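Novice: Mind folding the following:
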Amino acid sequence: MDDIDRKIIGILAFDARSSLTDIGATIDLSPSAVNERIRRLVASGTIRRFTLDVDHRALGLDVLAFVWIALSADADETEFRAFMAAHRAVAECHHVTGSWSYCIKIRMPTLGDIEPFLAELKARRYLARSETVIALSTVADNLFTEPEVR
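Specialist: A predicted model of the protein is given here:
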């Protein structure tokens with residue numbers, strides 16, 4: 001991957017619907033050269049998918065919360081991971097270090113919808129303990145950030 005590939009990724013991260021012509025004009029390449037580079041980035045797995053940036057409130061998902069989970073000793077971790085991957089409210093699930101096992105990002109219509117979600121985790125015997133943090137607002141939500149290269 002070179003600087004041109006990084007520029008293409010940055011453009012697509014900002015707007016995945018950018019045309020090959022517009023991308024090429026920005027980085028001084030032909031549309032076919034841009035297409036070939038994008039095809040190669042997808043084939044290599046560098047670009048895994050093209051996504052939408054959705055206004056969750058417009059979809060009625062007004063609550064954003066982070067749930068810290070400590071798995072119970074008898075929890076089936078493979079089953080837990082499958083449950084997280086399939087649950088519609090789970091936007092992200094991360095295996096983390098420290099005193100927690102996982103951090104999950106969930107989106108719910110109301111605060112009251114969080115309790116049944118946690119109750120289901122308890123009923124499935126996944127939870128030893130949890131802590132829920134509600135996001136009041138979002139200051140930054142960058143889809144793609146590239147570390148500064150020195």
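Novice: Return the backbone torsion pair for the residue of the chain positioned farthest from its centre.
Specialist: When distances to the mean C-alpha position of the chain are computed (C-alpha atoms, centre = their mean), the maximum falls on Ser30, with 31.5 Å. Comment: the main-chain dihedrals of Ser30 come out as phi -70, psi 160, following degrees, to the nearest 10.
Novice: Now it. Nearest residue, chain neighbours left out?
Specialist: Counting by C-beta to C-beta, 6 or more residues apart in numbering, the nearest residue to Ser30 once its immediate chain neighbours are dropped is Gly24, at 5.6 Å. Bear in mind the C-beta positions are built from the backbone N, C-alpha and C, glycine included.
Novice: Give the burial count for that neighbour, as a bare number.
Specialist: Per other C-beta atoms under 10 Å, the neighbour tally for Gly24 reads 19.
Novice: Enumerate every residue touching it.
Specialist: Residues touching Gly24, when contacts are defined by C-beta atoms under 8 Å, 6 or more residues apart in numbering, comprise Ser30, Pro31, Ala33, Val34.
Novice: if we go to 10 Å?
Specialist: For Gly24, the contacting residues are Ile8, Ser18, Ser30, Pro31, Ser32, Ala33, Val34, Asn35, Arg37, by C-beta atoms under 10 Å, 6 or more residues apart in numbering.
Novice: What sits closest to the residue most central in space within the chain if chain neighbours are left out?
Specialist: Ranked by distance to the mean C-alpha position of the chain (C-alpha atoms, centre = their mean), the top residue is Glu92 at 5.2 Å. In space, not counting the residues next to it along the chain, Glu92 is nearest to Lys105; the distance is 4.1 Å by C-beta to C-beta, 6+ apart.
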